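A.B. asks: show me how the following folds:
(one chain, ligands or ions: 1)
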Amino acid sequence: MSPRSRRRRGNPGLVLGLALLGIVILIAVLAPVFFSGEADALGSRFAQPSSGHPLGTDAAGHDVLLRALVATRLTLLMTAGATAIAVALGILLGTSVWLMRPRAREVCLRVIDAMVAFPGLLLALVVAAVLGAGGSSVVIAIGMAGIPYFARLTANLAAKVSQQEYVRTARLLGVSHPRIAVRHMLPNMAEPLLVLSASTFASTLTALSALSFVGIGVQSPSYDWGKLLSEALPSLLAGRPFQMVGPAALVIVTGLAAILIGDGLAAAANPRTARRTAGRGDARDTERDTPVPREDYLVDVQDLWIHSGDKPLVKGVSFGIRPGEIVGVVGESGSGKTLTAMSLARLLPDGLTLSSSRMAIGDLDLRRPVPPGLMADALSLVYQDPASTFNPALRMGTQLTEMLRTHKHIGARAAGHRMVEALQAVRLTHPERRMKQYPHELSGGMRQRAMIATALATEPRLIIADEPTTALDVTVQAEILRELERVNGRLGTSIMFISHDIGVVRALCHRVIVMYRGEVVEEIDAADLTVESARHPYTRALLAATPDIDGPVETLPGMAWTPEATKEPSHG
Ligand SMILES: Nc1ncnc2c1ncn2[C@@H]1O[C@H](COP(=O)(O)OP(=O)(O)OP(=O)(O)O)[C@@H](O)[C@H]1O
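C.D. replies: Coordinates of the predicted model:
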């Protein structure tokens, strides 16, 4: 049995919802076939419930129960049609908004917000008034009234999901926007969209019934549940409630089924709710890696400025990374480490502007448009949080092989083999099994190893590792650092290693760049990263504030350093 069907079986709400909807659909299919003649036949008017007419007859002498059953098909078709309009066009609009340039996106989001604030039923009434009364006009009207809700939810979710590292990585790899939207974003937006679709189905059902009830919807001789409810109103007021029972019960049961299915599907669609099939706690492993030929590259950045509007966030930063060198970037939170690194990958957040007099990896000039394939060959990223590095809705194998398939144009099977080798190289246990698992089935250390394997798969000249071990426990942290060191030693890959941890930087890196408030205040050999050798007071203060594993926390005059206390040049 597949995990998905197991999840469905373990979800009684979903099972009940599907059963109820199944019954309603069965009625919709069969009732018009078998009962439409009888439902139109005329008998005695206002007959009380009897064995011949379980819910009695109406003012014209029709069997009330049969009419309610026959009306099921038209009601369901109209509800499904209106819901489909809202879902499809709403998601399309919301996704298109995400693809727009920031300014156009802002305008569109404001328009969508205004539409959401406008009461849906009122909007539907306006549209229905323009189109005229009738079944198809109210379907279009209610469908259109639902579009802004889906558009806003999709755009909001897209804004959030697009900041995820796996989406940023896909952008770096040059995966097209529509493909990113369909493959990486929509699956991760499925849960809330499914829940909204289900509740929209239920609210659409009541809205359509309401419009038919007030005479704007389905017109005679056709009838849906709303029209039947409207016809039953005089009987209800005259003390004959049975005429209402059939359509009212069917509206309630169908609405309830939709809600139960929405909730159930949302739970089943989330692979994180799946039972764990992976062995646990085997992040530490012992296999050996495969050596890859060494290459020779250089990173050269000069006078890099990054602005948010008029505010400079990175101020004239210059640095270089030699081939095969591990360069640490340290500095307090907000000093510009990540922005500096991300500018190399051309992944600055929207709204920030960049200028520099030189920015190159080898002979690749990063100030000009760079084809994604060349960019992927030049650098790879390893992010801080292994939990958000991978798309939770896709199996590891699918995403691990994506860049090989996209940029190296390697077939899925060959890419899979190559990735298994890459996973072995970073000593991830049972690589074939890992490829079939979802990210949540791997430990943090395993995911980070997989991330390093992915980063290496395109054989980049530079790996940017942005606090790659911060989210991991100390033992796994040490293993991942050793892994980076091994990669550097064996493959000669240059590494830009961003960290808050001076101790780690001193142990891992060859050279260290110290940043403070958007400037590089010192470049220093890692071996000289001591309070005695550091030249800049901020570096000394940083070192003094760092616990030394060989001794107590040092308290030196440097600790009292403030930016106002020095006029040293920004670039050491
Ligand atoms: N999209 C943005 N819009 C405006 N300001 C931003 C944006 N992104 C970052 N900043 C600001 O730029 C500065 C540098 O940010 P950056 O993320 O590079 O710092 P950092 O040194 O990497 O910090 P941390 O160690 O906390 O990650 C910070 O003051 C931050 O608030």
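
A.B. asks: every contact and neighbour count from this point should use C-alpha atoms.
C.D. replies: Fine.

A.B. asks: count the residues that sit near residue 54.
C.D. replies: Residue crowding around residue 54 was assessed by other Cα atoms under 10 Å; the count is 15.

A.B. asks: you'd agree residue 511 is up against residue 522?
C.D. replies: No. Using Cα atoms under 8 Å, residue 511 and residue 522 do not qualify as a contacting pair, with a distance of 10.6 Å.

A.B. asks: and this structure, which residues reach the ligand?
C.D. replies: Within the chain, the residues that sit near the ligand (Cα under 6 Å from any ligand atom) are 308, 313, 333, 334, 335, 336, 337, 338, 339, 349.

A.B. asks: of all the helix elements in this protein, which one is longest?
C.D. replies: With DSSP state H applied, the helix covering the greatest number of residues in the chain is identified as helix 64-99.

A.B. asks: which other helices and strands contact that helix?
C.D. replies: Using 3 or more Cα pairs under 8 Å, 6 or more residues apart in numbering; DSSP states H and E as the contact criterion, the neighbours of helix 64-99 among helices and strands are helix 12-40, helix 102-117, helix 135-161, helix 186-213, helix 225-237, helix 242-269.

A.B. asks: most tightly surrounded among these?
C.D. replies: Of all the helices and strands packed on helix 64-99, helix 135-161 has the most neighbours on average by mean count of other Cα atoms under 10 Å, namely a mean of 24.

A.B. asks: and that helix, how far from the chain's centre?
C.D. replies: Counting by Cα atoms, centre = their mean, to the nearest Å, helix 135-161 is centred 19 Å from the centre of its parent chain.

A.B. asks: helix, strand or coil for the residue in the chain sticking out farthest from the centre?
C.D. replies: In the chain, the residue that sits farthest from the middle, by Cα atoms, centre = their mean, is residue 44; the gap is 60.5 Å. Classification of residue 44 into helix, strand or coil gives coil, according to DSSP: H, G, I helix; E, B strand; the rest coil.

A.B. asks: got the contact list for it?
C.D. replies: By Cα atoms under 8 Å, 6 or more residues apart in numbering, residue 44 lies in contact with 57, 60, 61.

A.B. asks: a markdown table for the helices and strands packed on helix 64-99, including mean pLDDT?
C.D. replies: Formatted as a markdown table, the entries for these read as follows, by pLDDT from 0 to 100:
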| stretch | mean pLDDT |
| --- | --- |
| helix 12-40 | 90 |
| helix 102-117 | 84 |
| helix 135-161 | 87 |
| helix 186-213 | 86 |
| helix 225-237 | 89 |
| helix 242-269 | 85 |
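
A.B. asks: now these as JSON lines including distance to residue 384?
C.D. replies: Converted to JSON lines, the helices and strands packed on helix 64-99 look like this (distance: least, Cα to Cα, whole Å):
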{"stretch": "helix 12-40", "distance to residue 384": "37"}
{"stretch": "helix 102-117", "distance to residue 384": "26"}
{"stretch": "helix 135-161", "distance to residue 384": "17"}
{"stretch": "helix 186-213", "distance to residue 384": "20"}
{"stretch": "helix 225-237", "distance to residue 384": "55"}
{"stretch": "helix 242-269", "distance to residue 384": "27"}
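
A.B. asks: which one of those lies nearest to residue 125?
C.D. replies: Distances from residue 125 to each of these were compared using Cα to Cα; the shortest belongs to helix 135-161, at 7.2 Å.

A.B. asks: what residues are up against the residue in the stretch 1-150 of the chain positioned nearest to the ligand?
C.D. replies: Proximity to the ligand, evaluated over the stretch 1-150 of the chain using Cα to the nearest ligand atom, is greatest for residue 102 at 12.3 Å. Neighbour list for residue 102: 350, 351 [criterion: Cα under 8 Å, 6+ apart].

A.B. asks: which other residues reach stretch 79-94?
C.D. replies: Surrounding stretch 79-94, the residues in contact under the criterion Cα under 8 Å, 6+ apart are 139-155, 158, 197, 200-201, 204-205, 208.

A.B. asks: hmm, try it at 7 Å
C.D. replies: By Cα atoms under 7 Å, 6 or more residues apart in numbering, the residues outside stretch 79-94 that reach it are 139-140, 142-144, 146-148, 150-152, 154-155, 197, 200-201, 204-205.

A.B. asks: in that stretch, what counts as buried?
C.D. replies: By 16 or more other Cα atoms under 10 Å, the buried positions in stretch 79-94 come out as 79-87, 89-94.
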